[in-house]
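**Student:** quick one, what's the 3D model for this:
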Amino acid sequence: MQVDVTSRPAYAIAYVRLARGEAVLAESGALVAMSAGVEASATLSGGLVQSVARRLLANESLVMARYTAHVDGGWVSLAPRFPGDVVSLELSPSAPLYVQAGSLLAHCETVDVGPTAGNVQTVALREGAIVLSATGHGPLILAGYGGLERFDLNAGETLVVDSGHLAAWSASLRFRVGPLKGFVSSALTGEGVVAEFTGPGTVLVQTRAEQQLRSWILPDRAHDEKQ
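**Tutor:** Numbers count the residues shown, from 1 in each chain. Below is the predicted model of the structure:
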């Protein structure tokens with residue numbers, strides 16, 4: 001499987017090129033186009049229980065689309081719901097990732113993605129849903145609203161990220177969740193919730209936040225939600 005990303009960074013689209021027999025699992029509604037020789041079907045990724053949990057806890061698609069190539073060189077193009085960038089990461093068993101709800105676009109069949117329940121450290125900071133845990137090996141395709149910035153932290157290095165801008169982070173990172181300290185916290189972050197990460201590991205940050213878009217389009221509703 002080969003993933004090429006074009007039209008970056010504002011309106012990125014991922015072209016997933018498949019060998020005969022290979023398949024890619026994509027979020028519902030992500031398809032833009034596909035070549036001849038590719039068959040589309042529906043699947044419950046990870047089984048019924050995990051699919052229902054992913055839908056109820058993380059508000060992800062219950063049923064994912066499965067695109068299988070019956071010829072070498074078949075391709076599928078996928079795009080996220082918000083305008084922004086797309087990245088393809090090569091996941092390895094030794095380096096699992098946590099993915100913020102809404103940032104998953106697609107993955108290969110050898111990658112397992114499911115909700116992670118647990119204490120406050122595993123709760124998604126955006127909208128209070130549950131984060132997704134990505135394990136296994138192979139391509140994992142993520143999308144961001146706006147651009148996607150990558151921060152590689154060495155051991156002991158720290159990074160503070162506003163909750164609405166988180167996309168994904170290494171499971172190896174230590175992090176804590178809480179309000180940004182200081183009297184300017186609410187003015188800077190709205191809800192004032194941030195995550196402080198400590199390396200080693202990688203953090204992917206999206207340059208725009210969906211909450212800000214909704215607040216701009218529906219200011220009265222956004223005000224009511226904060227009450």
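**Student:** name the strands paired with the helix or strand encompassing residue 204 and say parallel or antiparallel.
**Tutor:** Take DSSP states H and E as the rule and residue 204 turns out to sit in strand 201-206. When sheet partners are counted by DSSP bridges, strand 201-206 sits next to strand 148-153 (antiparallel), strand 166-170 (antiparallel).
**Student:** any idea which of those strands is most buried?
**Tutor:** Highest mean neighbour count among those (mean count of other C-beta atoms under 10 Å): strand 166-170, with a mean of 24. For every residue, glycine as well, the C-beta is placed using N, CA and C.
**Student:** quick one on the thing from earlier: put the alpha carbons of the strand holding residue 204 into CSV.
**Tutor:** Extracted as CSV, the C-alpha positions of strand 201-206 are listed here (Å, rounded to 0.1, in the frame of the first residue of the first chain):
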residue,chain,number,x,y,z
GLY,A,201,7.4,11.1,21.7
THR,A,202,5.5,13.0,19.0
VAL,A,203,2.5,15.3,19.1
LEU,A,204,0.4,16.2,16.0
VAL,A,205,-1.4,19.6,16.3
GLN,A,206,-4.1,20.9,14.0
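**Student:** buried set for that strand?
**Tutor:** Going by neighbour count (16 or more other C-beta atoms under 10 Å), the buried part of strand 201-206 is 201-206.
**Student:** next one: the residue lying closest to residue 34 once chain neighbours are set aside, what pLDDT does it get?
**Tutor:** Residue nearest to residue 34 in three dimensions, not counting chain neighbours: residue 76, with 4.5 Å by C-beta to C-beta, 6 or more residues apart in numbering. Residue 76 carries a pLDDT score of 98 in this model.
**Student:** didn't residue 76 look like it was pressed against residue 18?
**Tutor:** Yes. Counting by C-beta atoms under 8 Å, residue 76 touches residue 18, with 7.3 Å between them.
**Student:** what do the two both touch?
**Tutor:** 24, 38, 67 (C-beta atoms under 8 Å, 6 or more residues apart in numbering).
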